[in-house]
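> coordinates only, sequence not included:
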């Protein structure tokens, strides 16, 4: 089970740190990703990290967002700096044994946490 937290409302240029806690005991075996979906838009990938800590970012967030994982705490993070209004969305974390999973079909998803930027 994946549970996101850390969303909220910030002003343009502000920062937030999202967390995604995994209650499973095999967390370290999974590749993890952050996704977001704004109203009326399709879900998009934001960042991903492999079991070997290889990171990938969407071009729109490179240099502003940082994904990381703490396997000892079974937790995934997304540090978001210099937030822009276009970053406002529901943010979801996902897990899969493959990176990326074929067809984008990640196996496990959280319920999401809302980020608002004004």
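Structure received. Here the structure is a predicted model, which is why all the values come from computation and not from measurement.

> quick one, helices of this protein?
Counting by DSSP state H, one finds no helices in the chain.

> distance of residue 118 from residue 5?
21 Å (Cβ to Cβ, to the nearest Å). C-beta: built from backbone N, CA, C; applies to glycine.

> residue contacts, the residue nearest the centre of the chain?
Closest residue to the average C-alpha location of the chain: residue 34 at 2.3 Å, with Cα atoms, centre = their mean. Residue 34 makes contacts with 18, 20, 45-48, 67, 76, 78, 91-94, as judged by Cβ atoms under 8 Å, 6 or more residues apart in numbering.

> shaky segments in this protein?
Within the chain, the ranges that satisfy pLDDT under 70 run 25.

> what about the strands in it?
In the chain, the segments counted as strands under DSSP state E are 2-5, 8-10, 16-22, 31-37, 44-49, 55-57, 65-70, 75-80, 89-96, 108-109, 113-117.

> now these as CSV including distance to residue 102?
Below are the strands of the chain laid out as CSV (distance: least, Cβ to Cβ, whole Å):
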stretch, distance to residue 102
strand 2-5, 20
strand 8-10, 34
strand 16-22, 22
strand 31-37, 13
strand 44-49, 14
strand 55-57, 16
strand 65-70, 21
strand 75-80, 21
strand 89-96, 10
strand 108-109, 16
strand 113-117, 27
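
> follow-up on the earlier one: so which of the contacts of residue 34 is the closest to residue 104?
residue 45 (7.8 Å; Cβ to Cβ).
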